[in-house]
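Chemist: would you be able to build a 3D model of this:
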Amino acid sequence: MRFAVCLTLLAFIPTFGHAACRADQVEFRTPSGTVRFTVEVADDAAERARGLMNRESLPSSSGMLFVYEHPQAASFWMKNTLIPLDMIFMDQAGVVKTVHANAVPHDETAIPGGDNILSVVEINGGLAARLGITPGSVMRHPSVPEKNAAWPCE
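Modeler: Numbering: from 1, shown residues only. Presented below is the predicted three-dimensional model:
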C-alpha cells in the first residue's frame, strides 16, 4: 500500500522553473507548492454537458477543465458520473473560489461553485485536499485571460 501511495504522489512532485503554459495542462500554485494535471478541455456547451460522465476511472494526475465564454454563476451535478470528484471553481483571474470535495457519483443535487466563475477543474475525489488546493490557490492555463491572470502564462 505504501508503495502505491508513493507512486501516486510522484505525479504531483512540485514543478520547478516556469514551463510555458500548455492547453492540455493546468498548474495550481498552492501554499505547499505547485502541482500539474493533464486535462481534457471542455470549452463548448456539448462538451461541458458531457463532462466526465460514464467514465469508470480517471488517472490520478489527470482531470477535466471546463471553460466558459465569460464569468458566470456555475453549478454542477454528478448525473451519470461513476467516480467521486473534486470540483475546483476559479474566477477570471484563475483564483480558486470554491472547492467541492468528493462529489457523490450519480447525485443529481446541484453543486454551486459561486458567481463570476470562468473555469472549473474536476479531479479525483479527495485529491484537492491531499495536494493543498484550497480557496486562494491560483491556476495557470492559457484560457485565463493574461490581462486578468493572477499567475500569467510566460
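
Chemist: which residue packs closest to the residue positioned nearest the centre of the chain, ignoring adjacent ones?
Modeler: By Cα atoms, centre = their mean, the mean C-alpha position of the chain lies nearest to V121, the distance being 2.2 Å. Using Cβ to Cβ, 6 or more residues apart in numbering and skipping the chain neighbours, the partner closest in space to V121 is I88 (4.5 Å). C-betas here are computed from N, CA, C, even on glycine.

Chemist: mind listing the strands the helix or strand where the one you found lies pairs with, and their directions?
Modeler: Taking DSSP states H and E as the criterion, I88 maps to strand 85-90. According to DSSP bridges, strand 85-90 forms sheet pairs with strand 96-103 (antiparallel), strand 111-124 (antiparallel).

Chemist: list the buried residues of the last one.
Modeler: If I follow you right, that is strand 111-124. I111, G113, N116, I117, L118, S119, V120, V121, E122, I123, N124 (16 or more other Cβ atoms under 10 Å).

Chemist: and T15, what pLDDT?
Modeler: The per-residue pLDDT reported for T15 equals 44.

Chemist: residues touching the closest residue to Y68 other than its chain neighbours, list them.
Modeler: Counting by Cβ to Cβ, 6+ apart, Y68 lies nearest to L118, which is 5.7 Å off, once chain neighbours are set aside. Contacts for L118 (Cβ atoms under 8 Å, 6 or more residues apart in numbering) come out as V67, Y68, H70, P71, M90, D91, Q92, S143, V144.

Chemist: next, count neighbours for the first one.
Modeler: Other residues within reach of V67 by the criterion other Cβ atoms under 10 Å amount to 19.

Chemist: can you read off the pLDDT for it?
Modeler: So V67 comes in at 98 (pLDDT).

Chemist: for this structure, where's the lowest mean pLDDT among helices and strands?
Modeler: Counting by mean pLDDT, DSSP states H and E, the chain has its least confident helix or strand at helix 2-10, which shows a mean of 37.

Chemist: thanks a lot, see you next time.
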